[in-house]
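J.: Sequence isn't available, so here's the structure alone:
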């Protein structure tokens, strides 16, 4: 059952069967809902204005116009899903704002990984009050994390333990708290925490004490 706060995805593909298939892939990812697909490029601007989707899954080759031309005119996040593998097509898609590019046909796990990365990217931006350079870089890394996630990455037992330790504190956790809870050295805890921040599983928060030196504290990214 879909939730009202699900991210809403509009599939644009002239092939009715492919569009329905991609919409079904979207609906299988928790936190996402597929809107009724659009098959006519001329209808896309109107549907975007009416439905206000969070994300488009946009084909390039459309009988009524190019998806790349649409991309340049629509103020909405978009992934390009296309059989087009020409360098010019990919460069144009990225230059015109595509947040991702998937070559059709693709394994549904690849799309699911990209959607989950997109959801984490959205949360990172929406929960921040101010974005410094590190936060912007982290959001961009999170968004791209699905690009090489054709197979889900399985966390190690220690990574699971570190994540659980951070979550159990109920507040931003220090390296020492995590090291003590997991039973590892501070240096090892610091390494795991840094890797989990880079992967987008944790968020880093800097706090300043009386000595003026920043202390790293960690929060879950959810």
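T.: Now that the structure is in, tell me what you want to look at. Because the structure is predicted, anything quoted here is derived from the model rather than measured.
J.: And residue 217, which helix or strand is it part of?
T.: Using DSSP states H and E, the element containing residue 217 is strand 214-220.
J.: Can you list the strands that that strand pairs with?
T.: When sheet partners are counted by DSSP bridges, strand 214-220 sits next to strand 173-174 (antiparallel), strand 202-208 (antiparallel).
J.: which residues are in contact with that strand?
T.: Taking CB atoms under 8 Å, 6 or more residues apart in numbering as the criterion, the residues outside strand 214-220 that touch it are 163, 166-167, 172-175, 178, 190, 193, 196-197, 201-209. Quick note: C-beta positions are derived from backbone N, CA and C, even for glycine.
J.: Please apply the same query to stretch 85-104.
T.: Outside stretch 85-104, the residues that reach it (CB under 8 Å, 6+ apart) are 18, 58, 60, 68, 71-72, 77-84, 110-111, 114, 118, 143, 146-147.
J.: in it, what's buried?
T.: Burial within stretch 85-104, assessed by neighbour count using 16 or more other CB atoms under 10 Å, is assigned to 89-90, 92-93, 96, 98-102, 104.
J.: I'd like to know which of these are part of strands.
T.: In this view, those that belong to strands under DSSP state E are 100-102.
J.: Lowest mean pLDDT among the helices and strands, pick that one out for this protein.
T.: Among the helical and strand segments of the chain, the one scoring lowest on mean pLDDT, DSSP states H and E is strand 202-208, with a mean of 80.
J.: now the strands: where do they sit in the chain?
T.: Listed in chain order (using DSSP E), the strands of the chain are 7-12, 32-34, 55-58, 61-62, 65-66, 77-82, 100-103, 173-174, 202-208, 214-220.
J.: Find the residue at the geometric middle of the chain.
T.: To find the centre residue of the chain, average its C-alpha atoms and take the closest one (CA atoms, centre = their mean): that gives residue 118, at 1.7 Å.
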